[in-house]
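> coordinates only, no sequence provided:
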């Protein structure tokens, strides 16, 4: 489909999500990394020297010697797409500069997710929301654009809810997460805070989980996204897991359904056509585990190369209608892999 | 208050809850252990030899050389109270034999919790339910009795809910637990199942958590306990924590209340008078942590010598009314310490 | 090289090493699994039902429905090679039955490692020792044979020592292991024994580590293996790591050498020619990590698909000559992968 | 013995060792904390607000409201002893200022341990070395003094070696540590570096462990300490344990001894008389665990309130003479508790 590789850059390349971008872009069939950007003090250093690599997959050979550049449009001028793993405060200032300068910014940062003309995108859920960037370019006079993917806990949750929404309608959901350490970056959570322990709060996370799915599950109208009516309550917790967020969900639908019907809907769920055949499309979108004690992060997080949403323990909820457990890989589907999937949709939709 | 120590025995003394009984009874002001009972194959062995001690407090000196006896009324005949840390299937057969033979059985097993004439007791919540044993003795012709304490996850949850029920009424609650490993006994959970992992199910636990608080929070009527009207939905998870169950709770009350009002109710909560001055009474019953990220099991489980219920993150729930986090020590307040507290109430009420 | 796939069976297929055999044999270029054997009570059950799968790679599809057979020569008669993941006591009785019946037994069990006519084999170290099976067949009148791979801690240690032995000679070594949980099988180590803890002993392990390298590093003479003169002292510890044994080693050589010379010898090390081009041959045999804090099990255990020995921190030892750290994947190179590598050498040497 | 409490201050009070000082000084029979000092940006804040408390014992009530002062002699002028939990670089500059100003500095920092006139003190081993401060005061013209305790890994190791040295003489020792996370302070080790992992290096630690015991085990001569002749090789590792360093030791003595004789020597070991009856003196100095798999950090670290050195697995070493495992609480005996014990000796010897 792609005759020539599209040049891309990674902003915030030395952090834990940045590293995941580098790892997932290694051998990508459409994209070729031409620049890795990091904070000023790393400028000029080879990536292998400036970066404390925390992934168990080895650092790609091409990345080792690549000299780090600053996170400016000039410094990454050879790229057409920039993947942003910047912290939210930096992203807020820098991402618009890049989109103004003509880059497509595929961002993992939360800074622009709430803007009315910025797509908050899970291609297997709301691929059509990408059309918002036409409006975004018109509003802001940008030749580039900003495209965001949701928070890592919102991600798997929303994929599962979409399958239920389509069949049964959604009213309310209780959501309690048991989140992995890699979601906090590196060095992130101190070991003294998590060995033999749980941290029953993650700053700012509950607000995101209660808000983001409503935009993603909304429908695209003339004036942007009409938010889905569903309401959420979230409790977010940190646990001693390296990768993979586990989420307990209780859902009120428009009417009671049997667990079997819910499982059928989850199993049958398909991406919108435009999002199906992309290199990073999850295969399958959702996997159902039948065992009584699955999904588990260590065993299931790499299902579908870390892009599949894994659901288990679908059963009747005594208060609402259905309860279940969702597992999603937080730095693949929930971060770097999600941004890359978004970029692939952008290319396919000829919006680059 | 007690002029002579009351002789007691522990059934299932070598298991992890049995060990906690031995540890907590060391130096108890009212009780003196006269027999430790375990399975037949340990009979006659010194406790120190038969028992793989897993607590960080050292095994009491008096226990080390005590020869294990079988779990029969004859073998523990010097005791008046037996503390049962038996597995549910054994407890089902053995506990009635003991109560028939005149022993007061203070049981941590689930076998008789649902019987109409068996108290399911948290003295700081429903001390008056102990009166059920008059009915029990009449019904069954026992000179002894069976007294039970609830499941370890129900325990802290129900204490916190009681304070809210008294002030605001209770309608519904969502409950998601992150439970410690010691709750599964020893050897219990395999290390390969929990390092870098979460197990999103604990067999039989959700049913207990959805049922037990309704009996405990019920009122004692002429015909036994009138169950509380509150309804529950529970998700129970195992996490890599040694001791201390963390529970995320969202509660629907009779009407909206502010988090401040909820905190006041929790802070002001007092045990029924009869349960206050007992040796194991929690001091205080409930502690509120004000920090954004507390309670945490490693830091807070030993509050009030492990008998206090610790509550934090009290805030408005977007779907119901109030949400918060509860922490309770699962083998102290939620198991052995709870049974001992029950026994103390029995003595105080002159029902032994 | 192989025109037709060789039929193989796995004994003890449901355990943690058995699972690793199934996983590594999936898609093997030479071997095809025709039978999975387990204990009697699993007989007839589909593998997916009888086996609690603990690997993060999914169970291969062909294995899911394969009905388990008993571990008898009759039940696996279609196979030519049997891979044994049996516990040592069972292996002691059963493996000779299989070799008598004509099967080549590639065993991970310790039962026959010390027999003078049984090869204790690491193909990248002592490939020529496989010739011992000629003597074995003659001695015992077997048409099949037994071939063993060493203990998981001996494995990486001995590969590294071989490179030093070849250049500098070996006299003595101190060895302290920090071993992974998967080495104890499933359920193996209780979580209560290892969370926030270390177990400073592994039964029987120190004797193996002090003995096995002497046989492997020995030379094949007319009357079997002449043991290497090197002497060992081992301390073995269990730590909270899923996979990957870390070993601290201090070595006395025939004379002092610089760390640089030791690194050169380790880096230059090549397998004997016959062991080089086999499907499971480690690529490379040894990798040197230059960082101050590597190798680390989580980051380095999958080097060379888990078959490579990773060495780091090579430095001068104040008492002996050289000290360093070795990491090796205990269930791949140190167990199932090692047995498969041995079987490949057997085929290549036309000794099947 | 003490008619009036001696006023003391803690420097670096908000760090993890600083917190341990605050906890151990709570209710101390001789000392009363009159000032808590921390970095400038915390100045004036109440301790409870400036400090992220990581201990499971609650923060003492008197400390909660104490306003932090800067780490200057003026700011803590009410104190006579200052306990230093400063980082080594700050300690280097600040500790001499305090001793010049007349304070007795009992320091946990490594900065002055190697100075010839500074005692490196374990009272149960080398109480007489405290006499070095007479020389120190003369040399430097200080009215105060600096007294140091060794590195946390050197501590338990040296106590155990002292018992062997006294009976059998010491020549060489191999030492491999498995160290707890609290030794790295807070936030210290990132959780991503230690969950499912080992870090096989701790910067600067091996040099300390190879050097410090030689000074502590040396004898006090006219010109300072004559170092013990023993030589060391150390490997230091970080593992996923909260508190308690485990150390594997192989020792060459002057001649072979049986494990039984070594156990007798360890069991019989007594502190020098001057160090015996101090409030923090370990009771007993050394405990021997007879079990095959002890000591273990989670179960044994609080032996003797965390001041006792626990030894186990005493057995014959195939290369040297004796091998064994030592466990010591790294932030109690190995840090804050050690400094306090030193201060008690100073008072008893009337050197304050």
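Nice, thanks for sending it over. Computed from a predicted model, the values in this text were never measured in an experiment.

> contacts and neighbour counts: CA atoms only from here.
Fine.

> need phi/psi at residue A:341.
Phi and psi for residue A:341, reported as degrees, to the nearest 10, are phi -60, psi -40.

> go on, the one 3 residues further on?
Phi and psi for residue A:344, reported as degrees, to the nearest 10, are phi -60, psi -40.

> who touches residue A:289 in this structure?
Taking C-alpha atoms under 8 Å, 6 or more residues apart in numbering or on different chains, we find residue A:289 in contact with A:295, A:310, A:311, A:312, A:313.

> same question, residue A:343
Here residue A:343 is in contact with A:81, A:106 (criterion: C-alpha under 8 Å, 6+ apart).

> pretty sure it sits in a strand.
No. With DSSP: H, G, I helix; E, B strand; the rest coil as the criterion, residue A:343 is assigned helix and is not in a strand.

> count the neighbours of the residue in the stretch 251-352 of chain A positioned nearest to chain D for me.
In the stretch 251-352 of chain A, the residue that lies nearest chain D is residue A:298 (10.9 Å; C-alpha to the nearest C-alpha). The tally of other residues near residue A:298 (other C-alpha atoms under 10 Å in any protein chain shown) stands at 23.

> quick check, the helix or strand where it lies touching chain C?
Using DSSP states H and E, residue A:298 sits in helix A:297-300. Yes. Helix A:297-300 comes into contact with chain C (C-alpha under 8 Å from any C-alpha of the partner chain), by way of A:298, A:299, A:300.

> correct me, but residue A:180 touches residue A:202?
No. At 11.1 Å, residue A:180 and residue A:202 do not qualify as touching, with contact defined as C-alpha atoms under 8 Å.

> okay, the two: which has more neighbours?
Using other C-alpha under 10 Å as the criterion, residue A:180 and residue A:202 rank with residue A:180 on top: 27 against 15.

> output the set of residues of chain A in proximity to chain C.
Within chain A, the positions adjacent to chain C are A:54, A:55, A:56, A:57, A:195, A:196, A:298, A:299, A:300, A:302 by C-alpha under 8 Å from any C-alpha.

> contact partners for residue A:5?
A:29, A:30, A:31, A:32.

> can you check the pLDDT for it?
Residue A:5 is assigned a predicted lDDT (pLDDT) of 97.

> how about it, phi and psi?
Main-chain dihedrals, residue A:5, degrees, to the nearest 10: phi -60, psi 140.

> measure it to residue A:33 for me?
Noted for residue A:5: a distance of 9 Å to residue A:33, by C-alpha to C-alpha, to the nearest Å.

> hey, where'd the strands end up in the stretch 51-200 of chain A?
Assigned strands in the stretch 51-200 of chain A, in chain order: A:69-70, A:81-84, A:104-107, A:145-148, A:170-179 (criterion: DSSP state E, counting those that start in this stretch).

> go through these and name the closest to residue B:62.
When the strands of the stretch 51-200 of chain A are compared by C-alpha to C-alpha, strand A:170-179 sits nearest residue B:62, at 42.6 Å.

> give me the distance between residue A:141 and residue A:99.
Note on residue A:141: its distance to residue A:99, by C-alpha to C-alpha, is 10 Å.

> no wait, residue A:246
Between residue A:246 and residue A:99 the computed distance is 34 Å (C-alpha to C-alpha).

> comparing these two, which residue is more hemmed in?
Neighbour count, other C-alpha under 10 Å: between residue A:246 and residue A:99, residue A:246 has more, with 33 against 24.

> where's the more buried one, which helix or strand?
If you go by DSSP H and E, residue A:246 is part of strand A:245-253.

> again with residue A:340
Element membership for residue A:340 (DSSP H and E) is helix A:337-348.

> roughly how far is that helix from the heart of the chain?
Helix A:337-348 has its average C-alpha position 11 Å from the chain's average C-alpha position, going by C-alpha atoms, centre = their mean, to the nearest Å.

> circling back: hmm, the strand holding residue A:246 touching chain D?
No. Strand A:245-253 stays clear of chain D (C-alpha under 8 Å from any C-alpha), getting no nearer than 14.9 Å.

> so where do the strands sit in the stretch 251-352 of chain A?
Applying DSSP E, counting those that start in this stretch to the stretch 251-352 of chain A gives strands spanning A:286-289, A:309-316, A:322-328.

> take the ones you listed and write them to CSV, including mean pLDDT.
Listed next are those as CSV, based on pLDDT from 0 to 100:
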stretch, mean pLDDT
strand A:286-289, 98
strand A:309-316, 98
strand A:322-328, 98
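
> most packed of the ones you listed?
Among the strands of the stretch 251-352 of chain A, ranked by average contacts under mean count of other C-alpha atoms under 10 Å in any protein chain shown, first place goes to strand A:322-328 (a mean of 28).

> residues contacting residue A:48?
By C-alpha under 8 Å, 6+ apart, the residues touching residue A:48 are A:59, A:63, A:64, A:65.

> now with 10 Å?
Listed by C-alpha atoms under 10 Å, 6 or more residues apart in numbering or on different chains, the contact partners of residue A:48 are A:14, A:59, A:60, A:61, A:63, A:64, A:65, A:66, A:67, A:68.

> what of residue A:159?
A:122-126, A:165, A:213, A:216-217, A:266, A:269, A:271, A:285-286, A:308-310, A:326, A:328.

> any idea how far it is from residue A:336?
17 Å.

> circling back: for the contacts of residue A:5, give me a markdown table that also has neighbour count, distance to chain B and secondary structure.
Output for the contacts of residue A:5, formatted as a markdown table (neighbours: other C-alpha atoms under 10 Å in any protein chain shown; distance: C-alpha to the nearest C-alpha, whole Å; DSSP: H, G, I helix; E, B strand; the rest coil):
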| residue | neighbour count | distance to chain B | secondary structure |
| --- | --- | --- | --- |
| A:29 | 14 | 32 | coil |
| A:30 | 17 | 34 | coil |
| A:31 | 22 | 33 | strand |
| A:32 | 17 | 33 | strand |
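
> residue D:135: which of the residues you listed is nearest?
Looking across the contacts of residue A:5 and measuring by C-alpha to C-alpha, the closest to residue D:135 is residue A:32, at 68.6 Å.

> from residue B:110, how far off is the residue of the stretch 201-350 of chain A found nearest chain D?
For the stretch 201-350 of chain A and chain D, the shortest gap (C-alpha to the nearest C-alpha) falls at residue A:242, measuring 6.6 Å. Separation of residue A:242 from residue B:110 (C-alpha to C-alpha): 35 Å.

> who has more neighbours, the two?
Applying other C-alpha under 10 Å to residue A:242 and residue B:110 shows that residue A:242 carries more neighbours, namely 23 against 19.
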